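Enquirer: model this:
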Amino acid sequence: MGLIKDDFMLQTETAKRLYHEYSAPQRIFDYHCHLNPQEIAEDHKFRNVTELWLGGDHYKWRAMRAMGFDEKYVTGDASDEEKFQAWAQTVPDTVGNPLYHWTALELKRYFDIDEPLNGDNWKEIYDKCNQVIEERNYTARTLITNSNVDFICTTDNPYDSLEYHKQIAEDDSFDTVVVPGFRPDEAFAVGEQKFVDFLAKMENANGIKIDSFAKLLESLEDRIQFFADHGSNISDHGLAKIAYVEADQAEIDAIFEKAAKGEAVTDEEYAKFQSALLRELGKIYHAKGFVMQIHFGAIRNNSTRIFEQVGPDAGVDSVNDQAGVAEALNGILDSMDKTDQLPKTIVYPLNSAYFDVVGTTLANFQSNNQGFKSRCQLGSGWWFNDTKYGMLKQFKSLSEAGLIMHFVGMLTDSRSFISYTRHEYFRRLFCDYIGDLVERGEIAEDEALLERLITGVSYNNAIQYFGFEK
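Expert: I've put the predicted structure just below:
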């Protein structure tokens, strides 16, 4: 008996109606993901379901390791069939984990398979999936098109050539808009070799000699404009912690000089540099009409053995914690807002314990002269929070600290071309949450209000917030 039925996750009659009438028909606006733009530009054809489904999916890798599978069957040199079999044997044991639901959704929506995957039927399902991939010509573009995706924002380094984005934009045969997302994480890596390497890559990209903090900002601003010229108005930042420590220009210049030479910096120096750089980037984003996204709270590459064997993004990251989140986040936002240079901002804490802290902080900085609704937003459940309970917790925090009517909704944050079912999962949970409140008598049975709420969070709010015009 299949798990995914028409009313999957929808517990009330109101929830069912809201989902089927208002949410399900909406297209997808994916404003943050990690899809490879080269694969989209070249319309990559997947050789089999293992490449499509398991390649790069660290969520699945974590579960497979928990099953005791040797790394050979996770990221190693086992055959594609062997890796799929290992994943199939893992699936029944993911009960209670979002992977259990995601797997069922992906099999149902992309392969018309309505039976639970397990260690007994793996070969039959493996062959059926591969047959579907071939018969339906599943490529990067056909999967995007079949998923009803209007807009994709990828994640790109400031020094990237963006040649593939240009190629996609010039191809009239593909309707989905694909823009680059400006992600300058390496610019914050003072005290590490990657910062020195970053400076060299930036100089090679635009010819600006970066020999001071001021020149670093000039170079970054030049590349932000380069991204804007390629259709982007979206930035993103992955920070381990939120910091705000004030420093004068002489201190920042001194820290830059040390870092440019490859010298170590103290924790306090790092915090001062991060504060100054994020503040100044925010001002540039404000001037150029960019949205600033901040993802914070991941502690990465925790297993030295797996990191040395596989590399980064291998599934050995976890939730971080820190003291002073509220003071630091208020400080950094205020440093831009007090000169009226705070851009539209979305903040995603990986530690759900900070949802209320972040939500109430962002509410301090909604005032603006442009008429933006909910200029500062608590972002959707991210990574370890794009689960049933993570999403519900985010809904509740956002509802109580801000205006959920203006919420920009879900994003995939994925490297997989079949992760768009996460939008369906999100929409079902959101409709169930709102439907329950209606039936409890906590939200009026006002059809116009409910339609605006559901269609807005599902799609329309993101269109307006990011200023998207196709």
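
Enquirer: report the longest helix in this structure, please.
Expert: helix 267-288 (DSSP state H).

Enquirer: Kindly calculate the angle that the helix or strand following that helix makes with helix 267-288.
Expert: Per DSSP states H and E, the first helix or strand lying C-terminal to helix 267-288 is strand 291-296. Per axes from the mean of the first three to the mean of the last three CA atoms, to 10 degrees, the angle that strand 291-296 makes with helix 267-288 is 160 degrees.

Enquirer: Show me what strand 291-296 is packed up against.
Expert: Contact here means 3 or more CB pairs under 8 Å, 6 or more residues apart in numbering; DSSP states H and E; on that basis strand 291-296 packs against strand 234-239, helix 267-288, strand 345-349. Backbone N, C-alpha and C define where each C-beta goes, glycine included.

Enquirer: what angle separates it from strand 345-349?
Expert: Counting by the same axes, to 10 degrees, strand 291-296 points 10 degrees away from the direction of strand 345-349.

Enquirer: the inter-axis angle of strand 291-296 versus strand 234-239?
Expert: 20 degrees.

Enquirer: In the sheet, which strands lie alongside the helix or strand following strand 291-296, parallel or antiparallel?
Expert: As assigned by DSSP H and E, the chain's next helix or strand after strand 291-296 is strand 298-299. Sheet pairing of strand 298-299 (DSSP bridges) gives strand 318-319 (antiparallel).

Enquirer: coming back round to it: which parts of the longest helix of the chain are buried?
Expert: Buried residues in helix 267-288, counted by 16 or more other CB atoms under 10 Å: 269-286, 288.

Enquirer: With stretch 112-119 instead?
Expert: Neighbour counts over stretch 112-119 (16+ other CB under 10 Å) mark 113, 116-117 as buried.

Enquirer: what does stretch 311-327 give?
Expert: Buried residues in stretch 311-327, counting neighbours by 16+ other CB under 10 Å, are found at 314-317, 320, 325.

Enquirer: next one: stretch 326-343
Expert: By neighbour count with 16+ other CB under 10 Å, stretch 326-343 contains the buried residues 328-337, 341-343.

Enquirer: now the helix or strand that contains Met64, how far from the chain's geometric center?
Expert: Under the criterion of DSSP H and E, Met64 resides in helix 58-66. Centre-to-centre, helix 58-66 and its host chain are 19 Å apart (CA atoms, centre = their mean, to the nearest Å).

Enquirer: mind listing the helices for the stretch 1-150 of the chain?
Expert: Counting by DSSP state H, counting those that start in this stretch, the stretch 1-150 of the chain has these helices, from start to end: 13-18, 37-41, 49-53, 58-66, 80-90, 98-111, 122-135, 140-146.

Enquirer: Of those helices, give the one that comes closest to Glu170.
Expert: Glu170 lies closest, by CB to CB, to one member of the helices of the stretch 1-150 of the chain: helix 37-41, at 9.8 Å.

Enquirer: ok, Ile208 - how many residues close by?
Expert: Neighbourhood size, Ile208 [other CB atoms under 10 Å]: 16.

Enquirer: Tell me who's in contact with the nearest residue to it once chain neighbours are set aside.
Expert: Take Ile208 and drop its neighbours on the chain: the residue closest to it by CB to CB, 6 or more residues apart in numbering is Ser219, 4.3 Å away. Ser219 makes contact with 202-203, 206, 208, 210 under the criterion CB atoms under 8 Å, 6 or more residues apart in numbering.

Enquirer: Which single one of those is nearest to Asn351?
Expert: Met202 (31.5 Å).

Enquirer: contacting residues for that closest one?
Expert: 158-159, 208, 210, 219-220, 223.

Enquirer: and what of Arg183?
Expert: 155-158, 235-238.

Enquirer: can you give me phi and psi for it?
Expert: Dihedral pair for Arg183: phi -120, psi 90, per degrees, to the nearest 10.

Enquirer: Could you report the pLDDT at it?
Expert: Looking at Arg183, its pLDDT stands at 98.

Enquirer: The most centrally placed residue in the chain and Pro180, how far apart?
Expert: The structure's the chain has its C-alpha centroid closest to Asp413; by CA atoms, centre = their mean the separation is 3.0 Å. Asp413 is 16 Å from Pro180, where distance means CB to CB, to the nearest Å.

Enquirer: for Lys388, same thing?
Expert: The gap separating Lys388 from Pro180 is 32 Å, by CB to CB.

Enquirer: So for the two, which sits in the more crowded spot?
Expert: Each of Lys388 and Pro180 has its neighbours counted (other CB under 10 Å); Pro180 has more, 24 against 16.

Enquirer: Pretty sure the more buried one sits against Tyr159.
Expert: No. Using CB atoms under 8 Å, Pro180 makes no contact with Tyr159, being 11.7 Å away.

Enquirer: Extract the C-alpha trace of the helix or strand hosting Glu400 and format it as PDB.
Expert: Using DSSP H and E, Glu400 sits within helix 388-401. The C-alpha coordinates for helix 388-401 follow below in PDB (Å, rounded to 0.1, in the frame of the first residue of the first chain):
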ATOM      1  CA  LYS A 388       7.900  18.200   9.800                       C
ATOM      2  CA  TYR A 389       8.600  19.500  13.300                       C
ATOM      3  CA  GLY A 390      11.300  22.000  12.200                       C
ATOM      4  CA  MET A 391       8.900  23.600   9.700                       C
ATOM      5  CA  LEU A 392       6.000  23.700  12.200                       C
ATOM      6  CA  LYS A 393       8.300  25.300  14.800                       C
ATOM      7  CA  GLN A 394       9.400  27.900  12.200                       C
ATOM      8  CA  PHE A 395       5.700  28.600  11.300                       C
ATOM      9  CA  LYS A 396       4.800  29.200  14.900                       C
ATOM     10  CA  SER A 397       7.800  31.400  15.700                       C
ATOM     11  CA  LEU A 398       7.200  33.500  12.500                       C
ATOM     12  CA  SER A 399       3.500  33.800  13.200                       C
ATOM     13  CA  GLU A 400       4.100  35.100  16.700                       C
ATOM     14  CA  ALA A 401       7.100  37.400  16.000                       C
END
